[in-house]
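>>> coordinates only, sequence not included:
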């Protein structure tokens, strides 16, 4: 009887210890998530003058046109080197980005060396692709995004709507949570989105992955109060 009692007592101590460890781990995770959310929404300090490694995610068609219009007014000397990423099936976006960088180099003559790099990433889901098969392609895209994030180690990520940005932003957010690398994510919603966020914007908003999410219509900001209304940018 005594041995049985001691066994029950030991089992209870183990269960209590396991529960305590679980509570501590969960608490630390929640504190880290809260820290990332609170500090992630703060822009770079004015005294931060060092160049920032910048990753720019391009979409197809209108997304690329809008992003390139934004890049025209970007402080090129501060956001450098620049890495452009587009979906592997997008044959035009990187060409347009390269043309923009070539024009920038020509305008500055030989004083500025073009350090821009152009890369492709697997697309999570093609237009019209079934959701069942997209599970596999999304997994491939996540692995590819992980490799790109390790290789580039960006400090800033700029995106404006294409689904291509979701794996990259998800990996960047995970890296912040784990304390591996802090990449500030800036998302600019397309001007075509007047009443509702795009799926990409909604995911970044709901899961608080974007450090700052900008919208171009006041009614959109009223519907999503954590977004920042900046007026028409394009």
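Sure, I can see it. Nothing here was measured: the structure is a model prediction, and the numbers come from that model.

>>> now name the helix or strand holding the most centrally placed residue in the chain.
Centroid-nearest residue in the chain, with C-alpha atoms, centre = their mean: residue 169, separated by 2.5 Å. Using DSSP states H and E, residue 169 falls within helix 165-178.

>>> elements contacting the next helix or strand after that helix?
Per DSSP H and E, the first helix or strand lying C-terminal to helix 165-178 is strand 184-188. Secondary-structure packing of strand 184-188 (3 or more C-beta pairs under 8 Å, 6 or more residues apart in numbering; DSSP states H and E): helix 62-72, strand 156-159, helix 165-178, helix 199-206, strand 212-215. For glycine as for every other residue, the C-beta is placed from the backbone atoms N, C-alpha and C.

>>> just name the most buried of these.
Of all those, strand 156-159 carries the top mean neighbour count, a mean of 24, counting by mean count of other C-beta atoms under 10 Å.

>>> what average pLDDT does that strand get?
Averaged across strand 156-159, the pLDDT comes to 97.

>>> now do that strand: which elements does it pack against?
strand 54-57, helix 165-178, strand 184-188.

>>> would you single out the least confident of the ones you listed?
Mean pLDDT values for those show the minimum at helix 165-178, a mean of 94.

>>> flag the shaky bits of the chain, pLDDT-wise.
By pLDDT under 70, the low-scoring segments of the chain are 1-14, 19, 24-26, 28-48, 109-113, 127, 234.

>>> how does this structure divide into domains?
Following automatic domain parsing, the chain resolves into domains at 1-40, 48-229.

>>> list the buried ones in stretch 100-107?
100, 101, 104, 105 (16 or more other C-beta atoms under 10 Å).

>>> for stretch 147-154, same thing?
Buried residues in stretch 147-154 (16+ other C-beta under 10 Å): 148, 149, 152, 154.

>>> next one: stretch 53-64
Applying 16+ other C-beta under 10 Å to stretch 53-64 flags 53, 54, 55, 56, 57, 58, 59, 60, 63, 64 as buried.

>>> from residue 20, how far off is residue 143?
Here the criterion is C-beta to C-beta, to the nearest Å. By it, residue 143 lies 36 Å from residue 20.

>>> between those two, who's got more neighbours?
When neighbours are counted by other C-beta atoms under 10 Å, residue 143 comes out ahead of the other of residue 143 and residue 20, with 13 against 10.

>>> so which strand or helix has that one?
Short version, using DSSP H and E: residue 143 is in helix 131-152.

>>> pull the distance from that helix to the chain's centre.
Here the centre of helix 131-152 is set off from its chain's centre by 13 Å, with C-alpha atoms, centre = their mean, to the nearest Å.

>>> pretty sure residue 120 sits against residue 83.
No - in this structure, residue 120 is not within contact of residue 83 by C-beta atoms under 8 Å, at 11.5 Å.

>>> just give me the closest of the buried residues of stretch 147-154 to residue 231.
Nearest to residue 231 among those: residue 154, at 26.8 Å, using C-beta to C-beta.

>>> helix, strand, or coil at that closest one?
coil (DSSP: H, G, I helix; E, B strand; the rest coil).

>>> now for it: which residues touch it?
Contacts for residue 154 (C-beta atoms under 8 Å, 6 or more residues apart in numbering) come out as 53, 54, 55, 83, 172, 183.

>>> what are the bridge partners for residue 215, then?
Counting by DSSP bridges, residue 215 is bridged to residue 229.

>>> quickly note the distance from it to residue 83.
Applying C-beta to C-beta, the value for residue 215 to residue 83 is 25 Å.

>>> any idea how far residue 159 is from the nearest residue in space to residue 138 that is not next to it in sequence?
With sequence-adjacent residues excluded and distances taken as C-beta to C-beta, 6 or more residues apart in numbering, residue 138 is closest to residue 124, at 4.5 Å. According to C-beta to C-beta, residue 124 and residue 159 sit 13 Å apart.
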